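Asker: predicted model and sequence follow; I will ask about them next.
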Amino acid sequence: MKIVVAADPFAISLKNALVPYLTDELGHTVIDVGSSESKEVPYFEAGSNACRVLQSGEAERAILLCGTGMGMSIVANHFPGVRASVVESVFAARMCRAINDANALCLGAMIWGEWMAKEAVDVFLKTNIGDGLESLAEGLKAGVKAVEAIRPAAN
């Protein structure tokens, strides 16, 4: 799977732990569009870069990292077709996929340790909509479509 990853300066160390896990251990391809030790990219820019990659179809999922995950989530949810969830537990990482078909996982480096973040990423990548909730799957899919159809009124 192709995964776009973006981190702001607060989350470089978490990104540096997750990228080798994604590539070397899980065999995914990573497109890194965020901060590194040699380049600081603010959360709003890194998140926007990642969401454009996700929208284009160059990546199937996004993992967005900042101090709390909240800033990245706010930015990401401005992009049509991006369904970003900031999560603070492995269970929430599973449910954001199973219930909401989230395609962008937002994690906070101030909240997550490396080992638990890897667990959250793993479950996020393996879970599909309706997993564990099979009797609700059709309704969940309809809900995702209904949310995608919502467009704010023009000012």
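Answerer: Cool, got the structure. Numbering: from 1, shown residues only.
Asker: direction included, what does the helix or strand containing residue 106 pair up with?
Answerer: Here residue 106 is covered by strand 104-108, with elements defined by DSSP states H and E. Taking DSSP bridges as the criterion, strand 104-108 forms sheet pairs with strand 61-66 (parallel), strand 84-86 (parallel).
Asker: could you identify the helix or strand that succeeds it?
Answerer: Helices and strands here follow DSSP H and E; after strand 104-108, the next one along the chain is helix 114-126.
Asker: compute the inter-axis angle for that next one and strand 61-66.
Answerer: Calculated by axes from the mean of the first three to the mean of the last three CA atoms, to 10 degrees, helix 114-126 forms an angle of 150 degrees with strand 61-66.
Asker: helix 114-126 - contacts with which helices or strands?
Answerer: If you count contacts as 3 or more CB pairs under 8 Å, 6 or more residues apart in numbering; DSSP states H and E, helix 114-126 packs onto helix 12-20, strand 61-66, helix 90-98, strand 104-108. Where C-beta positions appear, they are placed from N, C-alpha and C, glycine not excepted.
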